[in-house]
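Participant: No letters, just coordinates:
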């Protein structure tokens with residue numbers, strides 16, 4: 001990997017400094033930091049929340065690692081152009097949309113005896129097999145199907161060639177280091193190489209690579225295969241929902257020009273300046289929120305040893321956005337079709 005690429009934290013700080021259409025507001029940062037402090041204090045949110053969801057695996061074993069790798073390899077572009085007719089999967093008597101539709105589709109396939117989490121299987125999966133796995137229970141099919149097929153086959157082949165068919169071996173190679181694992185993933189799996197150029201600099205976001213490591217850490221609660229001594233190097237996972245909720249809480253302020261574009265539902269171009277500014281400022285805003293929340297936690301004798309990092313802020317904000325979707329109907333979010341988020 002090129003040495004001159006700014007990794008997410010450094011990239012986001014630089015982007016925030018030169019951003020023309022996105023501004024970070026200190027008052028909003030303080031508001032969300034206080035919310036995070038309270039959530040940690042009353043234990044309404046913690047590292048355990050990830051595997052409390054019924055669609056997430058709760059066993060801390062190698063099979064779970066392979067489930068997580070598969071899901072995060074396909075974890076991109078679920079927004080629907082038609083909010084009333086979304087791609088959905090019916091599973092356990094519930095209609096699931098968005099990211100949860102992906103989890104439901106994978107779990108449904110496993111229930112039906114399809115070895116979808118095996119690299120041996122998906123490295124050569126056919127179009128017809130994948131179409132069957134993602135068979136929709138609505139009139140809307142899964143977005144970017146062809147890209148998902150290509151990404152899946154590519155990842156499976158690389159796992160077989162370099163990791164003996166399991167992502168567990170990638171983790172073992174990296175000696176409990178989140179940074180080493182992040183480097184390994186983005187260097188060896190092209191679809192995870194989420195980078196852009198702004199001005200004269202190469203900047204990295206690594207949304208799916210970071211969330212892959214974070215999901216493993218959260219599921220294993222920082223133990224065993226999920227033990228990373230440097231987990232706090234990870235930032236949030238810059239997508240389109242986190243900027244939306246940050247804008248809702250007035251952490252991010254958009255220029256009139258950008259607001260007009262978002263209100264018109266215009267599609268942004270992946271790696272274009274506006275998209276890079278939104279994603280970069282979102283990451284840096286959460287770094288500021290994290291630092292403010294940590295100050296509050298350190299002042300509280302009962303909270304000074306609490307587990308808290310950018311990953312948990314991301315989880316909290318993403319869940320908040322989903323749980324309060326009706327309140328955010330008037331808060332636009334940027335739309336991009338790409339494999340990176």
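Facilitator: Alright, I've got the coordinates. Owing to the predicted nature of the structure, the values given are computational and were not obtained by experimental measurement.
Participant: neighbouring contacts of the lowest-mean-pLDDT helix or strand in the chain?
Facilitator: Every helix and strand of the chain was ranked by mean pLDDT, DSSP states H and E. The lowest is helix 49-52, at a mean of 91. By C-beta atoms under 8 Å, 6 or more residues apart in numbering, the list of residues contacting helix 49-52 from outside reads 56-58, 215, 218-219, 315, 319. Yep, even glycine has a C-beta here, placed from its N, CA and C like the rest.
Participant: got TSV for the residues you listed, with neighbour count, secondary structure and distance to residue 135 too?
Facilitator: TSV is the format used below for the contacts of helix 49-52 (neighbours: other C-beta atoms under 10 Å; DSSP: H, G, I helix; E, B strand; the rest coil; distance: C-beta to C-beta, whole Å):
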residue	neighbour count	secondary structure	distance to residue 135
56	19	coil	22
57	23	coil	22
58	12	coil	26
215	26	helix	25
218	23	helix	29
219	23	helix	27
315	21	helix	29
319	15	helix	28
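Participant: okay, those in JSON lines with pLDDT and distance to residue 29 next?
Facilitator: Converted to JSON lines, the contacts of helix 49-52 look like this (pLDDT from 0 to 100; distance: C-beta to C-beta, whole Å):
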{"residue": "56", "pLDDT": "97", "distance to residue 29": "30"}
{"residue": "57", "pLDDT": "96", "distance to residue 29": "34"}
{"residue": "58", "pLDDT": "91", "distance to residue 29": "34"}
{"residue": "215", "pLDDT": "98", "distance to residue 29": "26"}
{"residue": "218", "pLDDT": "96", "distance to residue 29": "24"}
{"residue": "219", "pLDDT": "97", "distance to residue 29": "29"}
{"residue": "315", "pLDDT": "94", "distance to residue 29": "18"}
{"residue": "319", "pLDDT": "92", "distance to residue 29": "19"}
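Participant: Can I get those residues in a markdown table including distance to residue 93?
Facilitator: As requested, the contacts of helix 49-52 are arranged in a markdown table below (distance: C-beta to C-beta, whole Å):
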| residue | distance to residue 93 |
| --- | --- |
| 56 | 18 |
| 57 | 20 |
| 58 | 20 |
| 215 | 25 |
| 218 | 26 |
| 219 | 25 |
| 315 | 26 |
| 319 | 22 |
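Participant: which one of those residues sits closest to residue 96?
Facilitator: The nearest member of the contacts of helix 49-52 to residue 96, counting by C-beta to C-beta, is residue 56 at 12.3 Å.
Participant: Would you state the strands of the stretch 101-250 of the chain in chain order?
Facilitator: Ranges of strands in the stretch 101-250 of the chain, per DSSP state E, counting those that start in this stretch, are 195-198, 201-204.
Participant: In terms of secondary structure, what does the lengthiest helix in the chain contact?
Facilitator: Of all segments of type helix in the chain, defined using DSSP state H, the longest is helix 273-299. Packing partners of helix 273-299 (3 or more C-beta pairs under 8 Å, 6 or more residues apart in numbering; DSSP states H and E): helix 8-18, strand 22-24, helix 26-41, strand 195-198, helix 241-248, strand 252-254, helix 256-263, helix 310-323.
Participant: tell me the angle that helix makes with helix 26-41.
Facilitator: Interaxial angle, helix 273-299 versus helix 26-41 (axes from the mean of the first three to the mean of the last three C-alpha atoms, to 10 degrees): 50 degrees.
Participant: Need the pLDDT of residue 160.
Facilitator: The model reports residue 160 with a pLDDT of 98.
Participant: low pLDDT regions in the protein?
Facilitator: Applying pLDDT under 70 to the chain flags residues 1-3.
Participant: pretty sure residue 163 contacts residue 170?
Facilitator: Yes. Counting by C-beta atoms under 8 Å, residue 163 touches residue 170, with 4.9 Å between them.
Participant: Compare these two (neighbour count), which wins?
Facilitator: Remark: of residue 163 and residue 170, residue 170 carries more neighbours, 22 against 19, as counted by other C-beta atoms under 10 Å.
Participant: From residue 69, how far off is the more buried one?
Facilitator: In this view, residue 170 and residue 69 are 8 Å apart by C-beta to C-beta, to the nearest Å.
Participant: and the helices and strands packed on helix 273-299, which is most packed in?
Facilitator: Highest mean neighbour count among the helices and strands packed on helix 273-299 (mean count of other C-beta atoms under 10 Å): helix 241-248, with a mean of 24.
Participant: now that one against helix 310-323, angle please.
Facilitator: 80 degrees.
Participant: what sits up against helix 241-248?
Facilitator: Contact with helix 241-248 is made by 28, 32, 236, 252-254, 278-279, 281-282, 285-286, 314, 317-318, 320-322, 327-328, 331-334, as judged by C-beta under 8 Å, 6+ apart.
Participant: hmm, back to that, who wins for proximity to residue 262 among the strands of the stretch 101-250 of the chain?
Facilitator: If we rank those by C-beta to C-beta, the stretch that ends up nearest is strand 195-198, at 19.1 Å.
Participant: neighbours around the nearest residue to residue 309 once chain neighbours are set aside, how many?
Facilitator: Spatial nearest neighbour of residue 309, excluding adjacent residues (C-beta to C-beta, 6 or more residues apart in numbering): residue 232 at 4.8 Å. Neighbour count for residue 232, taken as other C-beta under 10 Å: 13.
Participant: How much space separates residue 232 from residue 294?
Facilitator: The value you get for residue 232 to residue 294, if C-beta to C-beta is used, is 10 Å.
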